[in-house]
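S.K.: what's the 3D shape of this:
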Amino acid sequence: MSSTASHEINLALRTAAGHERAAHAAEAGGMKQYEMKMVSAGAAAYGAFVLAIKAAPEYQGRKIDDAAIRRIYSSTKARPWWDAHLKAVKVEGEPAEREWGKRLIQWHIDPEAAKARRAKLTLRLANYRKAQEKSPTRGVRTPQAAAPSTAEMRTVARASEETALAGRELPRITAEAWPSLEDLLGEVNRISAAVRKAPETQREALLDILRTTAREVERYVS
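M.R.: Residues are numbered from 1 along each chain as shown. Take a look at the predicted model:
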């Protein structure tokens, strides 16, 4: 792949990430503004995807029309050439992943489905929080409310945070204000105590949460 093509793909993905950040910042102004900016993010991500397909060795000499692009988008086949471009772009300080690209591209090729997915996620998060508030054991998921994935919760939490800050920077935490090791271990013990009280019917759901949490913690110490 030429350096020019690689640069164009990277620029398009960074543009998509910028539109997504702007969408979350504009959410306080109404869902319409959020959706318009997400459609722009989707168009930029789609453009990057098309460029990446046309530059990929496996598609050289093949006809690449809209139908072919949609088939490739829907396929679960490994696409290392696309993953490499995504990883070169930072989203929330981390290399972008295929799920991020897929979610943004959906805003371009099927915006109605993207809107429905967003609404469903917001509702799931609201129901989950209500269930947590009513639960006698904090941190144990009730059968009626399925917890959103870590990535989903991070997306909505970021949007809420940006709306609340209205463009202001987060306050900087000084070293003296950092939690102590005892604080962290106290939370670990709290989780351990809650798990011991959980009924067998909820163990599978809890295992899901704990595995995800463990992976998130490991990212900070690896």
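S.K.: in the chain, where is pLDDT below threshold?
M.R.: 1, 135-180, 183, 208, 212, 216, 218-222 (pLDDT under 70).
S.K.: can I see the domain layout of it?
M.R.: Domain ranges of the chain: 3-109, 116-221, per automatic domain parsing.
S.K.: pick the most deeply packed of the ones you listed.
M.R.: Most buried of the domains of the chain by mean neighbour count (mean count of other CB atoms under 10 Å) is domain 3-109; its value is a mean of 17. From N, CA and C alone the C-beta is placed, and that goes for glycine too.
S.K.: so residue 109 touches residue 73, yeah?
M.R.: Yes: shown here, residue 109 and residue 73 form a contact pair, counting by CB atoms under 8 Å, at 7.0 Å.
S.K.: how about the strands of this structure, start to end?
M.R.: 90-91, 94-95 (DSSP state E).
S.K.: just put those strands in CSV and tack on distance to residue 205.
M.R.: Formatted as CSV, the strands of the chain follow (distance: least, CB to CB, whole Å):
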stretch, distance to residue 205
strand 90-91, 28
strand 94-95, 26
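S.K.: which of the ones you listed sits closest to residue 20?
M.R.: With CB to CB as the criterion, residue 20 lies closest to strand 90-91 of the strands of the chain, at 7.8 Å.
S.K.: what's the closest one in contact with?
M.R.: Outside strand 90-91, the residues that touch it by CB atoms under 8 Å, 6 or more residues apart in numbering are 17, 20, 96, 100.
S.K.: can you tell me, leaving aside adjacent residues, what's nearest to the first one?
M.R.: Which is residue 17. Excluding the flanking residues, the one nearest residue 17 by CB to CB, 6 or more residues apart in numbering is residue 91, at 5.6 Å.
S.K.: roughly how far apart are that neighbour and residue 202?
M.R.: Residue 91 sits 33 Å away from residue 202, going by CB to CB, to the nearest Å.
S.K.: same thing with residue 41?
M.R.: From residue 41 to residue 202 the distance is 37 Å (CB to CB).
S.K.: now residue 19
M.R.: Spatial separation of residue 19 from residue 202 under the definition CB to CB is 40 Å.
S.K.: and if you look at residue 214?
M.R.: 18 Å.
S.K.: likewise for residue 118?
M.R.: Residue 118 is 28 Å from residue 202, by CB to CB.
S.K.: for residue 15, same thing?
M.R.: With CB to CB as the criterion, residue 15 and residue 202 are 44 Å apart.
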